[in-house]
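K.L.:
here is my input; please provide its structure:
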Amino acid sequence: MALFLLLVLVAVVLGIIGVVAKGLFYLLVIGVVVLATDFVLLGLRLGRRRRRLPR
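P.N.:
As a prediction, the model looks like this:
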């Protein structure tokens, strides 16, 4: 969970720098890619936890 929060924080910081600084739009794009990757990894992690117990 700490990795998830760290990646979200990095994505937000990169996005803010990319929007504020003129000519650094690529940082916004990198931030969006990091955020999307983070949510994919979170989905995979939650998907693995949902195992059904045998009856």
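
K.L.:
which residues in this structure form helices?
P.N.:
2-20, 25-49 (DSSP state H).

K.L.:
in TSV: those, plus mean pLDDT and mean neighbour count.
P.N.:
For every residue, glycine as well, the C-beta is placed using N, CA and C. Listed next are those as TSV, based on pLDDT from 0 to 100; neighbours: other Cβ atoms under 10 Å:
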stretch	mean pLDDT	mean neighbour count
helix 2-20	83	14
helix 25-49	82	13
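
K.L.:
next up, the contacts around the residue nearest to Ala11 when sequence neighbours are not counted.
P.N.:
Leaving aside its chain neighbours, Ala11 sits nearest to Leu35 (3.8 Å; criterion: Cβ to Cβ, 6 or more residues apart in numbering). Residues near Leu35 by Cβ atoms under 8 Å, 6 or more residues apart in numbering: 7-8, 11-12, 15.

K.L.:
reformat the residues you listed as CSV; add distance to Lys22.
P.N.:
Shown next, in CSV, are these (distance: Cβ to Cβ, whole Å):
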residue, distance to Lys22
Leu7, 26
Val8, 25
Ala11, 20
Val12, 19
Gly15, 15
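
K.L.:
return the member of those nearest to Tyr26.
P.N.:
Here the nearest of the contacts of Leu35 to Tyr26, counting by Cβ to Cβ, is Gly15; it sits at 11.4 Å.

K.L.:
nearest spatial neighbour of the closest one, chain-adjacent residues omitted?
P.N.:
Using Cβ to Cβ, 6+ apart, the nearest residue to Gly15 is Gly31, at 3.7 Å.

K.L.:
contacting residues for the one you found?
P.N.:
Applying Cβ under 8 Å, 6+ apart, the residues near Gly31 are 10-15, 18.

K.L.:
would you mind measuring from the residue nearest to Ala11 to Leu44?
P.N.:
To Leu44, Leu35 is 15 Å away according to Cβ to Cβ, to the nearest Å.
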